[in-house]
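Novice: Sequence and predicted model, in that order:
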Amino acid sequence: MDDRHINYGFFFTCAITILGWGVTFGVCQNKIENNAKEIARLERQRDQDKGEMRTISDQLTKLNTKMDLLLDGRLLVVKEHQ
């Protein structure tokens with residue numbers, strides 16, 4: 001007679017543990033991918049905002065220069081007649 005006894009509880013516990021690890025890995029991998037996409041979106045938004053700020057800064061610089069010239073009397077204001 002064979003004295004070996006198969007412990008099905010041990011195999012069941014191992015299978016559930018490995019399945020849990022697989023689910024955890026999948027969830028974490030999904031979060032990593034979603035975070036990478038969100039980071040890329042935020043970087044694009046930041047670059048776009050920088051461009052808009054640069055445009056606003058350029059416009060304010062031009063306005064400031066014109067106001068300085070106007071106040072110094074070196075720029076004439078031309079009014080349109082309608």
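Specialist: The structure has been received and is ready for your questions.
Novice: This protein: strands as residue ranges?
Specialist: In the chain, no strands are defined using DSSP state E.
Novice: burial of residue 34, as a residue count?
Specialist: Other residues near residue 34 number 10, with proximity taken as other Cβ atoms under 10 Å. C-beta here means a position set from N, CA and C on the backbone, and glycine is covered the same way.
Novice: same check, this time on the one 5 residues further on
Specialist: As a burial measure, the neighbour count of residue 39 was computed by other Cβ under 10 Å and equals 10.
Novice: do the same with residue 68
Specialist: For residue 68, the neighbour count with other Cβ under 10 Å is 11.
Novice: Per-residue pLDDT of it, please?
Specialist: Turning to residue 68, the model gives it a pLDDT of 88.
Novice: Return the distance of it relative to residue 60.
Specialist: 12 Å (Cβ to Cβ, to the nearest Å).
Novice: ok, now residue 29?
Specialist: Using Cβ to Cβ, residue 29 is found at 47 Å from residue 60.
Novice: Could you do residue 69 as well?
Specialist: From residue 69 to residue 60 the distance is 15 Å (Cβ to Cβ).
Novice: can you count the residues close to residue 25?
Specialist: 10.
Novice: ok, now residue 65?
Specialist: The number of residues packed around residue 65, counting by other Cβ under 10 Å, is 11.
Novice: Find me the pLDDT at it, would you?
Specialist: The model reports residue 65 with a pLDDT of 90.
Novice: same thing with the one 10 residues further on?
Specialist: As predicted, residue 75 sits at a pLDDT of 66.
Novice: With residue 1 instead?
Specialist: On the pLDDT scale, residue 1 is placed at 49.
Novice: same thing with residue 19?
Specialist: Per-residue confidence for residue 19 comes out at a pLDDT of 97.
Novice: again with residue 30
Specialist: For residue 30, the pLDDT comes out at 98.
Novice: got it, and the one 10 residues further on?
Specialist: Looking at residue 40, its pLDDT reads 97.
Novice: Same check on the one 3 residues further on?
Specialist: Each residue has a pLDDT score; the one for residue 43 is 96.
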